[in-house]
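Participant: 3D, please:
(chains A and B)
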Amino acid sequence: MIPGSFSYHRPASVADAIKLLSSLGDEARPLAGGHSLIPMMKLRLASPDHLVDLHGIAALKGIHRDGDRVSIGAMTTQHELLASDEIARSLPILHETALLIADPQVRYMGTIGGNVANGDPGNDMPALMMTLGASYRLEGPNGAREVVASEFYQGAYFTALEPGEILTSISIPVPAAGHGYAYEKLKRKIGDYATAAAAVVLTMSGGKVASCAIGLTNVHETPLLATEAARLVVGTSLDPATLKQAAAAAVAIMAPAADARGPVEYRKHVGGIMVTRALTRAAALTK
Amino acid sequence: MAKTHVTMKVNGAEVEGLVEPRTLLVHFIRENLQLTGTHIGCETTHCGACTVDLDGMSVKSCTIFAVQAEGASITTIEGVANADGTLSALQEGFRMMHGLQCGFCTPGMILRAQRLLQENPSPTEAEIRMGISGNICRCTGYQNIVKAIQYAAAKINGVQYQEAAE
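Facilitator: Prediction:
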């Protein structure tokens, strides 16, 4: 399978990349890790006239702790996230989730920026970023702006990115020390997208949940925050009745597509199970 | 579409060529360089048969354009044997442990396993299985591939390979 013809551009700075994307217009696409875009191009489901490869821009790489936030350059690969002591220490749920993405080869190339910016409802990082309260830095012809992850996703492959804009970095508040976390992902095989997945970050105090955020992957055309489910568990000891209520509240906002991963009812059902498992495992990890 | 001049190092040798931007690295390797040990399996980034080592990363060469490899250092299966022509520890392991049947996945398996052992010289069985989870084999059921990698790890670490009791 051979992609359609395109012109290849490799800018050395964010400013040059924005200039190229703005001047080349709709038929230009930024190329990050390429492991979503290139397969789409080979299948001729995407046929951009221009690719603007971001690999030449050193400023888009790296992981930095700034006070109580971690900032991650958009071109940082999943492999680099997994190798990072800072991520393992400050954001263990990000390490756990990166390990569930695709396979080793794909993780050497696949980037966190591409994963969150593509708007694919099957990608794992978007729901996690919403759960963690992350924000994205978008840079374009009219300057830079910050958009919180929970306001970035508008529909399948539709995001807050404007023409000519690229997502350059992600800023994540570090969860409280002793927090519990879990990313539960049901998939048919290594390399598959989630049939359903749930991210949970919570804190406990005196045996009761003090704070909780729940994100859902691939059960709607956008990633979801299950705010009602999270509200239901705060103040409880996560007893069986509460877990059941929380899972039901999460299932109530799911609207997955029926596809090879199963019919709608099945995907919602296992989505509820992912929420229950993630809450239970996260609570057990709190200190 | 205008062609682009690319240069890279493949198995230690400087190579160059003229490619369209849409030329995939695997096609450049197989057709321009005539190194046909790198196989094309699924063409959809699933099977790992086209795995090569690129600047210290295992990559699926069907999912990267040749122009992206400009200046890179690449190893293919043709470059893994020892300098004196004898089999590398991994090649020997695949031979001794019957780590292949049809052999189609083997070049990708060996390139992936080589990088895995460089990053983790003494992997557990579970780490080996996770490490090769991007490579599909339809013959062996993976048992003997895992043993082949364990054999190679033992040989590289200078210890006697002991097959686990079944």
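
Participant: now do the contacts for the residue lying closest to residue A:286 once chain neighbours are set aside.
Facilitator: Nearest residue to residue A:286, sequence neighbours excluded (CB to CB, 6 or more residues apart in numbering or on different chains): residue A:180, at 3.8 Å. Quick note: C-beta positions are derived from backbone N, CA and C, even for glycine. Residue A:180 sits next to A:200, A:201, A:202, A:203, A:204, A:281, A:282, A:283, A:284, A:285, A:286 when contact means CB atoms under 8 Å, 6 or more residues apart in numbering or on different chains.

Participant: who's residue A:180 bridged to?
Facilitator: Assessed by DSSP bridges, residue A:180 has beta-bridge partners residue A:202.

Participant: same check on the one 5 residues further on?
Facilitator: Note on residue A:185: beta-bridge partners residue A:197, judged by DSSP bridges.

Participant: next up, the contacts around it.
Facilitator: Counted by CB under 8 Å, 6+ apart, residue A:185 has contacts A:97, A:100, A:124, A:194, A:197, A:217, A:274.

Participant: now it: how far from residue A:213?
Facilitator: According to CB to CB, to the nearest Å, residue A:185 stands 17 Å off from residue A:213.

Participant: mind listing the strands in the chain by residue range?
Facilitator: Going with chain A. Along chain A, counting by DSSP state E, strands occupy A:7-9, A:28-31, A:50-53, A:63-66, A:69-73, A:135-140, A:143-148, A:153-155, A:158-159, A:166-173, A:180-186, A:196-205, A:208-217, A:224-225.

Participant: try chain B instead
Facilitator: B:4-10, B:13-19, B:51-54, B:57-60, B:73-75.

Participant: of those, which is nearest chain A?
Facilitator: strand B:57-60 (3.9 Å; CB to the nearest CB).

Participant: which elements pack onto that closest one?
Facilitator: helix A:104-109, strand B:51-54, helix B:106-119 (3 or more CB pairs under 8 Å, 6 or more residues apart in numbering or on different chains; DSSP states H and E).

Participant: what's the most buried one of these?
Facilitator: Highest mean neighbour count of the helices and strands packed on strand B:57-60: strand B:51-54, a mean of 27 (counted as mean count of other CB atoms under 10 Å in any protein chain shown).

Participant: just how off-centre is it within its chain?
Facilitator: Strand B:51-54 has its C-alpha centroid displaced from the chain centroid by 6 Å (CA atoms, centre = their mean, to the nearest Å).

Participant: then stretch A:173-185?
Facilitator: Distance, centroid of stretch A:173-185 to centroid of chain: 15 Å (CA atoms, centre = their mean).

Participant: returning to that earlier point: need the strands of chain B in CSV with mean pLDDT, can you?
Facilitator: Shown next, in CSV, are the strands of chain B (pLDDT from 0 to 100):
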stretch, mean pLDDT
strand B:4-10, 98
strand B:13-19, 97
strand B:51-54, 98
strand B:57-60, 98
strand B:73-75, 98
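
Participant: can you list these in TSV and add distance to residue A:129?
Facilitator: Formatted as TSV, the strands of chain B follow (distance: least, CB to CB, whole Å):
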stretch	distance to residue A:129
strand B:4-10	35
strand B:13-19	37
strand B:51-54	29
strand B:57-60	25
strand B:73-75	34
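
Participant: next one, pLDDT for whatever residue of chain A ends up closest to chain B please.
Facilitator: For chain A, the residue closest to chain B is residue A:103, as judged by CB to the nearest CB, at 2.9 Å. At residue A:103, the pLDDT value in this model is 97.

Participant: okay, now the closest residue to it other than its chain neighbours: neighbour count?
Facilitator: Distances taken as CB to CB, 6+ apart place residue B:134 nearest to residue A:103, at 2.9 Å, with adjacent residues excluded. The tally of other residues near residue B:134 (other CB atoms under 10 Å in any protein chain shown) stands at 24.

Participant: same deal with residue A:112?
Facilitator: Residue A:112 has 28 nearby residues by other CB under 10 Å.

Participant: that one is in contact with residue A:81, isn't it?
Facilitator: Yes. At 6.4 Å, residue A:112 counts as touching residue A:81 under the criterion of CB atoms under 8 Å.

Participant: between these two, which contacts overlap?
Facilitator: In contact with both residue A:112 and residue A:81: A:72, A:98, using CB under 8 Å, 6+ apart.

Participant: out of everything not next to it in sequence, what's closest to the spatially most central residue of chain B?
Facilitator: By CA atoms, centre = their mean, chain B has its centre lying nearest to residue B:111, at 2.1 Å. Leaving aside its sequence neighbours, residue B:111 sits nearest to residue B:51 (CB to CB, 6+ apart; 4.9 Å).

Participant: picking up where we left off before, buried ones only from the contacts of residue A:180, please, as a ChimeraX command.
Facilitator: Command for ChimeraX that selects the buried part of the contacts of residue A:180, burial taken from 16 or more other CB atoms under 10 Å in any protein chain shown:
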select /A:200,201,202,203,204,282,283,285,286
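
Participant: pick out the most distant pair among the contacts of residue A:180.
Facilitator: A:203 and A:281 (14.7 Å; CB to CB).

Participant: please report how far the most centrally placed residue in chain A lies from residue A:63.
Facilitator: For chain A, the residue nearest the mean C-alpha position is residue A:125 (1.6 Å; CA atoms, centre = their mean). Distance, residue A:125 to residue A:63, by CB to CB: 14 Å.

Participant: look up how far residue A:99 lies from the residue nearest to residue A:118 when sequence neighbours are not counted.
Facilitator: Nearest residue to residue A:118 in three dimensions, chain neighbours excluded: residue A:36, at 5.5 Å (CB to CB, 6+ apart). Distance from residue A:36 to residue A:99, counting by CB to CB: 19 Å.

Participant: and the two? which has more neighbours close in?
Facilitator: For residue A:36 and residue A:99, the more surrounded residue by other CB under 10 Å is residue A:36, and the numbers stand at 21 against 14.

Participant: now do the contacts for whichever residue of chain B sits closest to chain A.
Facilitator: Closest approach between chain B and chain A, counting by CB to the nearest CB: residue B:134, at 2.9 Å. Applying CB under 8 Å, 6+ apart, we find residue B:134 in contact with A:102, A:103, A:104, A:105, A:106, A:190, A:191, B:48, B:51, B:58, B:60, B:112.

Participant: could you dump those residues to a markdown table with distance to residue B:31?
Facilitator: Output for the contacts of residue B:134, formatted as a markdown table (distance: CB to CB, whole Å):
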| residue | distance to residue B:31 |
| --- | --- |
| A:102 | 27 |
| A:103 | 26 |
| A:104 | 27 |
| A:105 | 22 |
| A:106 | 24 |
| A:190 | 30 |
| A:191 | 27 |
| B:48 | 20 |
| B:51 | 18 |
| B:58 | 22 |
| B:60 | 17 |
| B:112 | 23 |
